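Trainee: from the sequence below, what's the structure:
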Amino acid sequence: MSSGAKIRLYYAEEETPENLPAAPIWKTVRRVTDGLSESVTTETSNSVADTRFRQGGVATEAEITGSLEVELAVGLFDDFWSAVAMNEWTSDSLEFGGNVRKTFTFVKLFEDIGQVFIYRGIRIGEAGLSIATTGKITATFGLVGTVFERTTTNPVVDPLPVPDVVLASAINVGDLKVNGETVVGSACMQSLELSINNNYEAVRCIGSKKLTATTYLEKIVDITANTQYAFSAQSASYLDFVKTRDTMPLEFSIEDSKGNGYAFEFPQLEVSEANHPDGGGDDMITLDVNFNHIEVSPKITRVIV
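Mentor: As a prediction, this is how the structure comes out:
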């Protein structure tokens, strides 16, 4: 029997897809869940032979996917943010929508029963960030891969431990501005859900002899921000942007108790949806506004002390 407390997840950046460098740098992932799995599609034969029994089936396709859920800490998942941005961090700044294709090998060790699951050619094509008025800030990273192997031999050597970092929560969010104005105490943001999606498409090739995809191809990047505000004169003005198609910026920072921080900048948001608010006599009226980011790159700037 296996315990979730005995699962260890490691990763290393690959030199080429599915291939590690001679001396890979293994890092330990601090995770809530990862959901990594190989989903195999089978097809049953429709042939009729000399009995009425089924003639068996064949595996026809496999997909390696996962959704890595983490509790946000500044600096801890910067390799993954870089992979989603398809860019390198440059002078502690990261811009999204680049062309740098990164792949990783993930190793999932079930320590108490000696089982090792190895996932190669892992791309991180999606990321999400969730912030509410209270509680921890959480992030998710969407994973896809091209090779899975189950073994009892652990390839991970001298993994770097998880750094001593501080969890980020709603109290760490500051400098929050929508359309150049603070919303604290006025429009009073209630929730913020960010999503970045490179829309990877699996590429399969006849002759590859692989059930899984041969590679993945990125398409148009979709960047969205779904927000909720207390309904006020300030937030009511956002309704007009649905028809005018004018854009507005969104910016905020996350700074932990040690002084580490991120500054998020979304300079060109277009309102995609803003339904009119309603509510009963005992309700605080809120306004949901959804945005698409267009034309230019959002940016994260980090401060690590």
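Trainee: from here on, contacts and neighbour counts on C-alpha atoms
Mentor: Fine.
Trainee: state the distance from residue 236 to residue 286.
Mentor: Using CA to CA, to the nearest Å, residue 236 is found at 10 Å from residue 286.
Trainee: so which of the two has more stuff around it?
Mentor: A direct count of neighbours by other CA atoms under 10 Å for residue 236 and residue 286 places residue 286 higher, at 20 against 16.
Trainee: hang on, that one packs against residue 227?
Mentor: No: here residue 286 does not reach residue 227: they are 10.3 Å apart, not a contact under CA atoms under 8 Å.
Trainee: check which helix or strand residue 271 maps to.
Mentor: According to DSSP states H and E, residue 271 maps onto strand 261-273.
Trainee: by contact count, what packs against the lengthiest helix in the chain?
Mentor: Longest helix in the chain, counting residues (DSSP state H): helix 78-85. The helices and strands touching helix 78-85, judged by 3 or more CA pairs under 8 Å, 6 or more residues apart in numbering; DSSP states H and E, are strand 93-95, strand 115-132.
Trainee: what sits up against that helix?
Mentor: With contact meaning CA atoms under 8 Å, 6 or more residues apart in numbering, helix 78-85 is reached by 88-89, 94-98, 100-103, 123-127, 141, 196-198.
Trainee: give me that answer again for 10 Å
Mentor: The contact list for helix 78-85, computed with CA atoms under 10 Å, 6 or more residues apart in numbering, reads 12-13, 75, 86-89, 94-104, 123-127, 140-142, 196-198, 221, 297-300, 302.
Trainee: can you tell me which residues contact the spatially closest residue to residue 115 that is not a sequence neighbour?
Mentor: Among residues not flanking residue 115 along the chain, residue 152 sits closest, at 5.1 Å (CA to CA, 6 or more residues apart in numbering). Counting by CA under 10 Å, 6+ apart, residue 152 makes contact with 109-110, 113-117.
Trainee: circling back to that earlier point, identify the contacts common to residue 236 and residue 286.
Mentor: Overlap of the contact sets of residue 236 and residue 286 (by CA under 10 Å, 6+ apart) consists of 187, 229-230, 276-277.
Trainee: which neighbours do residue 286 and residue 227 share?
Mentor: 189-190.
Trainee: picking up where we left off before, pLDDT at the residue nearest to residue 115, what is it?
Mentor: Note for residue 152: predicted pLDDT of 97.
Trainee: same check, this time on residue 279
Mentor: pLDDT, residue 279: 89.
Trainee: hmm, it is touching residue 285, no?
Mentor: Yes: counting by CA atoms under 10 Å, residue 279 does reach residue 285; the two are 5.9 Å apart.
Trainee: which residue ranges of the stretch 151-300 of the chain form helices?
Mentor: 233-236, 241-244 (DSSP state H, counting those that start in this stretch).
Trainee: centre of the chain to the first one, how far?
Mentor: Taking CA atoms, centre = their mean, to the nearest Å, the mean C-alpha location of helix 233-236 is offset from the chain mean by 31 Å.
Trainee: which strands and helices sit next to that helix?
Mentor: Here helix 233-236 touches strand 222-230, strand 286-293, going by 3 or more CA pairs under 10 Å, 6 or more residues apart in numbering; DSSP states H and E.
Trainee: switch those over to TSV; also include mean pLDDT and distance to residue 147.
Mentor: Formatted as TSV, the helices and strands packed on helix 233-236 follow (pLDDT from 0 to 100; distance: least, CA to CA, whole Å):
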stretch	mean pLDDT	distance to residue 147
strand 222-230	97	27
strand 286-293	97	33
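Trainee: before I go, just wanted to say thanks for your time.
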